[in-house]
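Participant: Here you go, sequence then predicted model.
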Amino acid sequence: MIKVRIAPSPTGYLHVGTARTAIFNWLLARNQKGKFVLRIEDTDIKRSSQEMTQSIIDSLKWMGLNWDEGPILQCDRLENYKKNAEELIKTKLCDFCYCTEEDLKPRKQTALAEKKSWKCDRPCLKLSPDERQKWIARPSAVRFFTESDGKVSFMDKLHGELTKDLHDIEDFILMKSDGTPSYNFACVVDDHEMGITHILRGEDHISNTFKQIIIYKAFGWEPPVFIHVPMILGADRSKLSKRHGAVSVLEYRDKGILPETLVNFLALLGWSPGGDREVLSMEELISEFSLDKLGVTGSIFDYQKLEWMNGEHINRLSDDELLKKIKDCIDVPNTQHFSEYPVSEIDNELSKKREILKKFISENEEYTKKVIALLKPRMKTLLDMESYFFVEPTEYDEKGAGKYLTQEGKQRLELLKTRLSELTEFSVENIEAVIRKIAEELGIGAGLLIHPLRLALTGKTVGPSLFHLVEVLGKERVVQRIEKTMAWIK
RNA sequence: GCCCCUAUCGUCUAGCGGUUAGGACACUACUCUUUCAAGGUAAAAACACGGGUUCAACUCCCGUUGGGGGCGCCA
């Protein structure tokens, strides 16, 4: 049985790159009926936080990536790494290193100045027993000594056999002097002890993998299968980062992206089921997923396509499901938790809209459902709900008002108001019939009634079908808004 | 600087020796229409370059160039 894992570090919010790696691992596990493990790599004590661990867990849950084991915290396993390191020291392949950062720095710089690749000159190895005694009180790290001859290699499922000269690999740290393991060491110990069979991760880890293979060998352990997937890139083709825009999963949630959209979209970055299919449900992704359909080149994160795909997923939802998703989205704690990001105007606007919707939807669920049915085909995000459905328009589109909200327009609005309020059954058919009838009586095009009416009701010149709009808003709101507009015209 | 990975429309990709190189996003027309979307139809748009291998290369091999990543007691 295969067993995979996602091993995020709680030093920040879940990055879409990490999320995509999680998705691949999860899909592989679910497709193969294997196990998916969540391991939190919190060994960088200074930069890790419990808050971030929680937000990563929230993100994974939101995306629907459930795990079978974990969350396992590496900091709970410190003794274990220590024990393994001690075992390895006996083999003489690694040993205590008493060098401090200040000791190392000048030596490293000299090597670099001579255009040599840096390699520790291992002074601690040459310590006499007396000298060693002197240093022993000093916090020590455990350093692995890489051979200078030979090669390391491993099979990567995507790239084939990858090889590197041992000469090009520097001596690296296994245990840091604060007692925590280094990434490479903890990773190997955990993956081995947890019985991980496939390591699928970003290709920025390829150079780490060589070191990890060395550790596997030192222990005499069998390495798992490696799959290094390409990176997600920003528009300028560099590694996707904050300066490219939103990189946190939670930001997409807060913007009104559906979890199934994000999973679908991310899965398609570097993977394809083959053929023309693009919009896939979680179930379809699981059944279609396979390692040999993974690509090898980096891909740019295209927000426009994500929005399009979100619209597709929204339209596949029933009105009831959509209402629930919108409620979920509104209930989410506000974007303020992104204290590390400057709150942009857009974020502020979204917050405001969220507040309006929150208050309104809970009080008018049936009405909201009608709004949703009308808006669904044009929604790109869950927050794409024009606020005029919920609050009266406070201003009118300048150009449109100049054209339609004239004295003549006022007379027409008056007529519309009277005739619409006379309707006993306020249905699309009746509304359309009345408006067309008035147009006929006045001998004008229906547009000359429709445009001012839309302006009066929404303040805008664009929007969904006017007759449907009138029906959804209901007689009371329609009459009231027409009156308000007539007063505005003076 | 050293090492590693990589190369199909602007973007995501299909292709797995013989194709009019297909789809999607975006863009542009047209259509539908009360407007804006959506939908429909159409247009435009790519195999980085140079050598091989082969009857035949986008497909295989080698270089060049371009792009990305890594070189921490970060993960």
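Facilitator: Thanks, I have the structure now. As the structure is a prediction and not an experimental result, all values here were calculated from the model.
Participant: going forward, measure contacts between C-alpha atoms and count neighbours the same way
Facilitator: Fine.
Participant: Count residues in the vicinity of A:Gly445, would you?
Facilitator: 12 (other Cα atoms under 10 Å).
Participant: Now the phi/psi pair for it, please.
Facilitator: Recorded main-chain torsions at A:Gly445 are phi -70, psi 150, according to degrees, to the nearest 10.
Participant: show me what contacts it?
Facilitator: When contacts are counted by Cα atoms under 8 Å, 6 or more residues apart in numbering, A:Gly445 touches A:Ala439.
Participant: how near is it to A:Leu423?
Facilitator: 22 Å (Cα to Cα, to the nearest Å).
Participant: One more: A:Ser140?
Facilitator: In terms of Cα to Cα, A:Ser140 sits 86 Å off from A:Leu423.
Participant: These two: which is more packed in?
Facilitator: Legend: neighbour count by other Cα under 10 Å for A:Ser140 and A:Leu423, higher for A:Ser140 (19 against 13).
Participant: How about the contacts made by the more buried one?
Facilitator: Taking Cα under 8 Å, 6+ apart as the test, what A:Ser140 contacts is A:Phe96, A:Cys97, A:Tyr98, A:Cys99, A:Lys176, A:Ser177.
Participant: Please render those residues as CSV that adds secondary structure to the earlier fields.
Facilitator: Listed next are the contacts of A:Ser140 as CSV, based on DSSP: H, G, I helix; E, B strand; the rest coil:
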residue, secondary structure
A:Phe96, strand
A:Cys97, strand
A:Tyr98, coil
A:Cys99, coil
A:Lys176, coil
A:Ser177, coil
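Participant: give me the number of residues near A:Glu366?
Facilitator: A:Glu366: 11 surrounding residues under other Cα under 10 Å.
Participant: Low-confidence bits of the stretch 101-250 of chain A, can you list those?
Facilitator: Within the stretch 101-250 of chain A, the segments meeting pLDDT under 70 span A:111-118.
Participant: Which residues of it lie near RNA strand B?
Facilitator: Within the stretch 101-250 of chain A, the positions lying close to RNA strand B (Cα under 7 Å from any atom of the strand) are A:101, A:115-118, A:140-141, A:158-159, A:162-165, A:168, A:170, A:172-173, A:175-178, A:180-184, A:203-208, A:230-231, A:236-239.
Participant: Which of the residues you listed are buried? Put it as a PyMOL command.
Facilitator: Buried residues among these (16 or more other Cα atoms under 10 Å), as a PyMOL selection:
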select buried, chain A and resi 118+140+141+158+170+172+173+175+176+177+180+181+182+183+184+203+206+230+231+239
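Participant: Mark which of the residues of the stretch 101-250 of chain A next to RNA strand B are part of helices, please.
Facilitator: Per DSSP state H, helices hold the following members of these: A:Glu101, A:Tyr183, A:Asn184, A:Ile206, A:Ser207, A:Asn208.
Participant: so which residue of the stretch 301-450 of chain A comes closest to RNA strand B?
Facilitator: Among the residues of the stretch 301-450 of chain A, A:Lys305 lies nearest to RNA strand B; the distance is 3.4 Å by Cα to the nearest atom of the strand.
Participant: That residue: how many residues sit nearby?
Facilitator: The local packing of A:Lys305 (other Cα under 10 Å) involves 11 other residues.
Participant: Equivalent analysis for A:Glu392, please.
Facilitator: Neighbourhood size, A:Glu392 [other Cα under 10 Å]: 16.
Participant: What are the phi and psi values at it?
Facilitator: Dihedral angles (degrees, to the nearest 10) for A:Glu392: phi -60, psi 140.
Participant: wait, isn't it in contact with A:Ile482?
Facilitator: No. A:Glu392 is beyond contact range of A:Ile482, at 10.8 Å (criterion: Cα atoms under 8 Å).
Participant: got any residues that touch both of these two?
Facilitator: A:Leu457.
Participant: Mind splitting chain A into its structural domains?
Facilitator: A:242-387, A:392-489 (automatic domain parsing).
Participant: Can I get these in TSV including distance to A:Asp191?
Facilitator: As requested, these are exported to TSV (distance: least, Cα to Cα, whole Å):
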stretch	distance to A:Asp191
domain A:242-387	20
domain A:392-489	55
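Participant: What is the longest helix of chain A by residue count?
Facilitator: helix A:466-489.
Participant: C-alpha coordinates for that helix, CSV please?
Facilitator: Output in CSV follows, covering the C-alpha atoms of helix A:466-489 (Å, rounded to 0.1, in the frame of the first residue of the first chain):
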residue,chain,number,x,y,z
LEU,A,466,-34.6,43.8,-16.5
PHE,A,467,-37.9,41.9,-16.3
HIS,A,468,-36.4,39.3,-14.1
LEU,A,469,-34.7,41.9,-12.1
VAL,A,470,-38.0,43.7,-11.5
GLU,A,471,-39.6,40.4,-10.5
VAL,A,472,-36.9,39.5,-8.0
LEU,A,473,-36.8,42.9,-6.4
GLY,A,474,-40.5,42.7,-5.9
LYS,A,475,-43.2,45.3,-6.2
GLU,A,476,-42.5,47.1,-3.0
ARG,A,477,-38.9,47.8,-3.7
VAL,A,478,-39.6,48.7,-7.3
VAL,A,479,-42.2,51.3,-6.5
GLN,A,480,-40.1,52.7,-3.7
ARG,A,481,-37.0,53.0,-5.8
ILE,A,482,-38.9,54.6,-8.7
GLU,A,483,-40.3,57.2,-6.4
LYS,A,484,-36.9,57.9,-5.0
THR,A,485,-35.4,58.3,-8.4
MET,A,486,-38.2,60.7,-9.5
ALA,A,487,-37.6,62.8,-6.5
TRP,A,488,-33.9,62.8,-7.4
ILE,A,489,-34.7,64.1,-10.9
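Participant: tell me how far that helix is from the chain's mean position?
Facilitator: 40 Å (Cα atoms, centre = their mean, to the nearest Å).
Participant: And the nearest residue to A:Met175 once chain neighbours are set aside, how close does it get to A:Asn80?
Facilitator: Spatial nearest neighbour of A:Met175, excluding adjacent residues (Cα to Cα, 6 or more residues apart in numbering): A:Pro181 at 4.2 Å. To A:Asn80, A:Pro181 is 10 Å away according to Cα to Cα.
Participant: if we can go back for a sec, tell me the one of the ones in helices among the residues of the stretch 101-250 of chain A next to RNA strand B nearest RNA strand B?
Facilitator: Of these, the one sitting nearest to RNA strand B (Cα to the nearest atom of the strand) turns out to be A:Tyr183, at 3.8 Å.
Participant: ok so, going back, among the ones in helices among the residues of the stretch 101-250 of chain A next to RNA strand B, give me the pair with the biggest separation.
Facilitator: Maximum pairwise distance in these, criterion Cα to Cα, is 25.7 Å, between A:Glu101 and A:Ile206.
Participant: Compute the first-to-last residue distance for stretch A:460-469.
Facilitator: End-to-end for stretch A:460-469, by Cα to Cα: 12 Å.
Participant: Secondary structure element for the residue of chain A most remote from its centre, which one?
Facilitator: Using Cα atoms, centre = their mean, the residue of chain A lying farthest from its centre is A:Glu441. It sits 56.4 Å away. Element membership for A:Glu441, per DSSP states H and E: helix A:428-442.
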